[in-house]
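1. the following comprises the amino acid sequence and a computationally predicted model.
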Amino acid sequence: MCSICGHVPCLSRCPNAPDPPAIYTCKVCGESIVSGDDYYKLDGEYYHDDCFEDKAVDILLDQFGAMKSVAEVDQWD
Ligand SMILES: [Zn+2]
Ligand SMILES: [Zn+2]
């Protein structure tokens, strides 16, 4: 029996509790996406919802050819 929480297996909030099994791996942070986590899937990669929302613009720029630019009137000499 666990000496901290007194349960077998440990309660999920116990520091001795094993990590829940990873289902996917987040492309942004490299951490596990576990049962109950919200996630995004894009182009075969998985992302925590928070990671994806933080990085969505970078992902579009880096992997999907999005371009950010400043609109300017063409200059004609
Ligand atoms: Zn415990
Ligand atoms: Zn993540």
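-> Cool, got the structure. Numbers count the residues shown, from 1 in each chain. Ligands and ions are numbered 1, 2, ... in the order given.
2. any idea how far the residue nearest to Glu45 when sequence neighbours are not counted is from ligand 1?
-> Counting by C-beta to C-beta, 6 or more residues apart in numbering, Glu45 lies nearest to Lys27, which is 4.3 Å off, once chain neighbours are set aside. For glycine as for every other residue, the C-beta is placed from the backbone atoms N, C-alpha and C. Applying C-beta to the ion, to the nearest Å, the value for Lys27 to ligand 1 is 32 Å.
3. wait, doesn't Lys27 sit right on Asp43?
-> No: the pair Lys27 / Asp43 is not scored as a contact, 9.6 Å apart, by C-beta atoms under 8 Å.
4. so which of those two has more stuff around it?
-> A direct count of neighbours by other C-beta atoms under 10 Å for Lys27 and Asp43 places Lys27 higher, at 20 against 8.
5. show the contacting residues for the more buried one.
-> For Lys27, the contact set (C-beta atoms under 8 Å, 6 or more residues apart in numbering) comprises 45-47, 51.
6. before we move on, what about Val8?
-> Going by C-beta under 8 Å, 6+ apart, the list of residues near Val8 reads 1-2.
7. ok so it is a strand residue?
-> No: judged by DSSP: H, G, I helix; E, B strand; the rest coil, Val8 forms no part of a strand; its state is coil.
8. how about the contacts of Lys27 in JSON lines, adding distance to ligand 2, secondary structure and neighbour count?
-> Formatted as JSON lines, the contacts of Lys27 follow (distance: C-beta to the ion, whole Å; DSSP: H, G, I helix; E, B strand; the rest coil; neighbours: other C-beta atoms under 10 Å):
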{"residue": "Glu45", "distance to ligand 2": "11", "secondary structure": "strand", "neighbour count": "15"}
{"residue": "Tyr46", "distance to ligand 2": "9", "secondary structure": "strand", "neighbour count": "18"}
{"residue": "Tyr47", "distance to ligand 2": "6", "secondary structure": "strand", "neighbour count": "24"}
{"residue": "Cys51", "distance to ligand 2": "3", "secondary structure": "helix", "neighbour count": "20"}
